[in-house]
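Asks: turn this into a model:
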Amino acid sequence: MDGGRVNQKRRTRNAILAAATELVRAGRTVTMPEVAKAAEVSEATAYRYFPDLASLLREAVAGTLFDPAEALAPLADRVDPVARVAAATEHLLRHVLTHEGAVRAMIAATITRPADTVARPGLRFGLIEAALAPPAELGGMAAPELAQLKRDLAVVMSAEALFGLTDLHGLPAGEAVDSIVHTASVLTRAALES
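Replies: Below you'll find the model as predicted:
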């Protein structure tokens, strides 16, 4: 009898996780009520298994994440850091747009509960590292300048920047991506020339 209850709990948890994962993959808005509805459980039940949306999303997005090296594989032999940063920026922002509902929910959760920031995957940091790693030709850039460039790019290569341009400035998503790619490229070029 006890084993049956354990199996039922596992099935319920898996159903909630599967529903959230499907919403993420479909690019839909992800809220706990929507997840509960899709999993055919009550919202209270969903919260019993996942105390907040951020913890549920952390598991649900795991299957949608990419490896920065894979993202930059087409540029594996390119040494131009500007081209590498541009490609990494575009890859990241296209990924954000594909999973916009989950990204927005994760940002909202971490704004209202900063302690949950560890739940965010931080894909931009891995992409920046990969874009500026060998074979990128950085022209002997000193460590402090390279660290500053990485911080500068982290501000620009972000879902927050993308949503600022689409939501607040009213740009269509494609134009917003192009603008951010341009800005990341200009930052990189300026850092290399200084």
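
Asks: tally of neighbours for residue 173?
Replies: 16 (other Cβ atoms under 10 Å). C-betas here are computed from N, CA, C, even on glycine.

Asks: switch to numbering from 54
Replies: From this message on, residue numbering opens at 54, which makes the last subject residue 226.

Asks: residue 184: what's it in contact with?
Replies: Taking Cβ atoms under 8 Å, 6 or more residues apart in numbering as the criterion, residue 184 is in contact with 121, 125, 134, 137, 138, 140, 141.

Asks: make it 10 Å
Replies: For residue 184, the contact set (Cβ atoms under 10 Å, 6 or more residues apart in numbering) comprises 121, 124-125, 128, 134-142, 144-145, 203, 206, 210, 237, 241.

Asks: contacting residues for the most centrally placed residue in the chain?
Replies: The residue lying closest to the centre of the chain (Cα atoms, centre = their mean) is residue 176, at 5.2 Å. Neighbour list for residue 176: 114, 118-121, 124, 141, 144-145, 148-149, 156, 210-212 [criterion: Cβ under 10 Å, 6+ apart].

Asks: the protein: helices as residue ranges?
Replies: For the chain, helices defined by DSSP state H occupy the ranges 55-78, 85-92, 96-102, 106-113, 121-124, 134-151, 153-165, 176-184, 196-209, 212-216, 226-246.
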